[in-house]
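Q: Give me coordinates for this.
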Amino acid sequence: MQIDEIGLQDPNGRALSLVAVPRPNEFRADELPVSQHFMCFLAWDASTATIDEISDLANALLRSGAVSISCWGKGCERVHDIFDELIVGDGAAGSGYSKSIMTTWHSRESYREAIWYALFVAQPTDLFEATCLDSVFILVNEPDRIPGTREILHDPSNLP
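A: Numbering: from 1, shown residues only. The predicted structure is shown next:
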């Protein structure tokens, strides 16, 4: 797992990090450089991923404090739906805060538009506003997107 602490803040004052993992099972939530809660952008071609692979990654993110999750890539609707099932299901993954965790999918937006949404539109609910101090951009099996994403995060002013 490759972690790049960008060293800048997003437009809302949250610390930015870029995380790249070759496969979802290589994600290590305990290595995230995050506060109690964080915003999450997840780019992943999950079209061939199993329900268990998606569920395991979603559970890890939720348990580590993701309170707003924006999903992009092939199969992102399914990833979003599995997040929602875990959050609303028995409430276990969402730590009892299921009505306060936000999820979105962006299958009709370009990659840059989805990043723009995550940076400029997505917000934690009031419950998490004071404790959500980080924005984490996670790329699963998207090595070609790492340099461009890093560039965007260093200067988001060129986004749509």
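Q: what ranges do the strands span in the chain?
A: Taking DSSP state E as the criterion, the chain contains strands spanning 2-9, 15-21, 37-44, 66-72, 102-105, 132-140.
Q: between the third one and strand 66-72, how many degrees?
A: Strand 37-44 and strand 66-72 are oriented at 20 degrees to each other (axes from the mean of the first three to the mean of the last three CA atoms, to 10 degrees).
Q: Dump the strands of the chain to a markdown table, plus mean pLDDT, mean neighbour count and distance to Leu86.
A: Backbone N, C-alpha and C define where each C-beta goes, glycine included. Listed next are those as a markdown table, based on pLDDT from 0 to 100; neighbours: other CB atoms under 10 Å; distance: least, CB to CB, whole Å:
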| stretch | mean pLDDT | mean neighbour count | distance to Leu86 |
| --- | --- | --- | --- |
| strand 2-9 | 88 | 13 | 24 |
| strand 15-21 | 96 | 21 | 19 |
| strand 37-44 | 96 | 26 | 14 |
| strand 66-72 | 96 | 26 | 11 |
| strand 102-105 | 94 | 20 | 10 |
| strand 132-140 | 96 | 23 | 16 |
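Q: In a markdown table, list these along with distance to Pro156.
A: Shown next, in a markdown table, are the strands of the chain (distance: least, CB to CB, whole Å):
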| stretch | distance to Pro156 |
| --- | --- |
| strand 2-9 | 9 |
| strand 15-21 | 9 |
| strand 37-44 | 12 |
| strand 66-72 | 14 |
| strand 102-105 | 18 |
| strand 132-140 | 11 |
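Q: what's the neighbour count on the spatially closest residue to Ser107 that is not a sequence neighbour?
A: Distances taken as CB to CB, 6 or more residues apart in numbering place Cys76 nearest to Ser107, at 5.3 Å, with adjacent residues excluded. Counted with other CB atoms under 10 Å, residues neighbouring Cys76 total 24.
Q: How about Thr125?
A: Thr125: 14 surrounding residues under other CB under 10 Å.
Q: gap between it and Gly7?
A: Distance from Thr125 to Gly7, counting by CB to CB, to the nearest Å: 27 Å.
Q: go on, Ser68?
A: 22 Å.
Q: Val136 too?
A: From Val136 to Gly7 the distance is 14 Å (CB to CB).
Q: quick one, what contacts Gln123?
A: Neighbouring residues of Gln123 by CB atoms under 8 Å, 6 or more residues apart in numbering: 12, 68, 102, 129.
Q: Then Glu31?
A: Each residue near Glu31 by CB under 8 Å, 6+ apart is listed here: 1, 3.
Q: Test my guess that Cys71 contacts Phe83.
A: Yes: with contact taken as CB atoms under 8 Å, Cys71 and Phe83 are classed as touching, separated by 7.3 Å.
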